[in-house]
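Asker: Have a look; sequence and predicted model below, questions after that.
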Amino acid sequence: MKLAHLSDLHFYRFPSWKGIWSKRLVGLTNLYIRGRIRHFNTDIAMLAIRSVIEDEPDGVMISGDLTALGSPEEFKMARQALDPLIARIPTVIVPGNHDYYTRGAANSHRIEEYFGDVIRTPGSAETDPTYPTLHLIGETALMGMNPSCYTVGASGRIDPREVERLEILLQEPRVAGRFKVLIIHYPLFNRGGKVTPLFWRRLRNRENLIAVLSRYPVDLVVHGHDHYRYSNTMTADNGQAVYLANAGSAGYARGSVKASYNLYEIEGKKLIRVTHKNFGTGGFEITYQGPPV
């Protein structure tokens with residue numbers, strides 16, 4: 001069983017002039033005056049998608065930030081880019097904070113409008129997904145959470161009711177008997193294994209989620225938000241090690257930090273191999289392949 005993990009593609013398109021007068025004005029300032037427009041590259045993001053298709057995984061997880069400013073134009077662009085992948089491979093998506101970048105994008109559930117078919121729990125009749133979502137692919141149970149919300153900064157907040165639903169879900173036999181993966185945009189810990197010191201970028205209410213995962217551990221947590229690859233390990237109450245992995249940004253194009261994504265191989269309900277792929281002169285190339293580290 002092989003799962004691919006992409007994050008933070010950040011497809012960007014200049015918004016309409018009417019759409020500028022919102023939080024997007026702050027975003028455009030970051031993009032152009034502070035130079036963040038040079039941090040991401042649509043061509044590299046497209047190459048990452050094609051590379052994943054060539055990897056032929058059994059499933060794909062995308063942990064948010066498909067867009068830069070959450071505009072309809074960007075979601076159309078992202079959908080067109082991802083459609084060849086979605087058509088070939090079971091795909092699960094969760095929102096990121098940039099997908100809820102404006103009040104309008106958040107209130108209208110814009111990402112769910114464009115990607116509801118790969119966000120919602122299969123078989124659900126709901127228009128707006130209830131999180132956590134559940135996707136069963138082979139011997140894996142993929143659960144998608146959504147702490148992203150409209151805010152002046154880039155922080156997220158987990159609804160306590162969502163955490164309660166996750167705790168119930170983790171005890172269901174159809175989930176408990178599988179390799180369990182939690183997909184969430186925000187990291188539980190930063191690269192140093194601690195809570196990010198930046199309040200405006202951190203995941204609020206994370207303690208509630210960590211408490212549930214300590215009682216009912218999953219096997220793998222995948223996330224994004226930070227645009228570089230790193231991993232952590234969390235120890236549950238029963239002694240089980242929970243592997244937490246950030247795949248980096250699949251559309252990043254700045255300096256020494258390369259665009260990247262991960263592959264995870266599962267055998268006998270155990271994570272046996274992780275593959276790192278980075279963008280290089282020959283496209284996306286393997287930079288590490290071995291046990292989780």
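Answerer: Received the coordinates, thanks.

Asker: Against residue 284, how distant is residue 96?
Answerer: If you measure residue 96 against residue 284 using Cβ to Cβ, to the nearest Å, the figure is 21 Å. Heads up, the C-betas are built off the backbone N, CA and C, glycines and all.

Asker: The two: who's more crowded?
Answerer: The residue with more neighbours, out of residue 96 and residue 284 and counting by other Cβ atoms under 10 Å, is residue 96; that gives 31 against 23.

Asker: so who does the more buried one touch?
Answerer: 7-8, 63-66, 148, 185, 224-225 (Cβ atoms under 8 Å, 6 or more residues apart in numbering).

Asker: One more: residue 213?
Answerer: Under the criterion of Cβ under 8 Å, 6+ apart, the contact partners of residue 213 comprise 182, 221, 234, 236, 242.

Asker: Report the beta-bridge partners for residue 137.
Answerer: residue 140 (DSSP bridges).

Asker: Let me fix that, I meant to ask about residue 276.
Answerer: According to DSSP bridges, the residues that bridge with residue 276 are residue 262, residue 288.

Asker: which of the contacts of residue 213 lies closest to residue 108?
Answerer: Distance ranking of those against residue 108, using Cβ to Cβ, places residue 182 first at 26.3 Å.

Asker: how about low-confidence regions in the stretch 151-293 of the chain?
Answerer: Along the stretch 151-293 of the chain, the model assigns pLDDT under 70 to residues 197-200.

Asker: can you pull out the strands in it?
Answerer: Counting by DSSP state E, counting those that start in this stretch, residue ranges of the strands within the stretch 151-293 of the chain are 156-157, 179-183, 203-204, 220-223, 229-235, 241-247, 253-254, 257-258, 260-267, 270-280, 283-290.

Asker: Show me what the third one pairs with in its sheet, parallel or antiparallel.
Answerer: In this case it means strand 203-204. strand 156-157 (parallel).

Asker: circling back: what's the closest of the strands of the stretch 151-293 of the chain to residue 132?
Answerer: strand 179-183 (7.8 Å).

Asker: Now find how far off-centre that closest one is within its chain.
Answerer: Distance of strand 179-183 from the chain centroid (Cα atoms, centre = their mean, to the nearest Å) equals 12 Å.

Asker: which helices and strands does that strand pack with?
Answerer: With contacts defined as 3 or more Cβ pairs under 8 Å, 6 or more residues apart in numbering; DSSP states H and E, the secondary structure elements packing on strand 179-183 are strand 140-144, strand 220-223.

Asker: Thanks again, I'm all set now.
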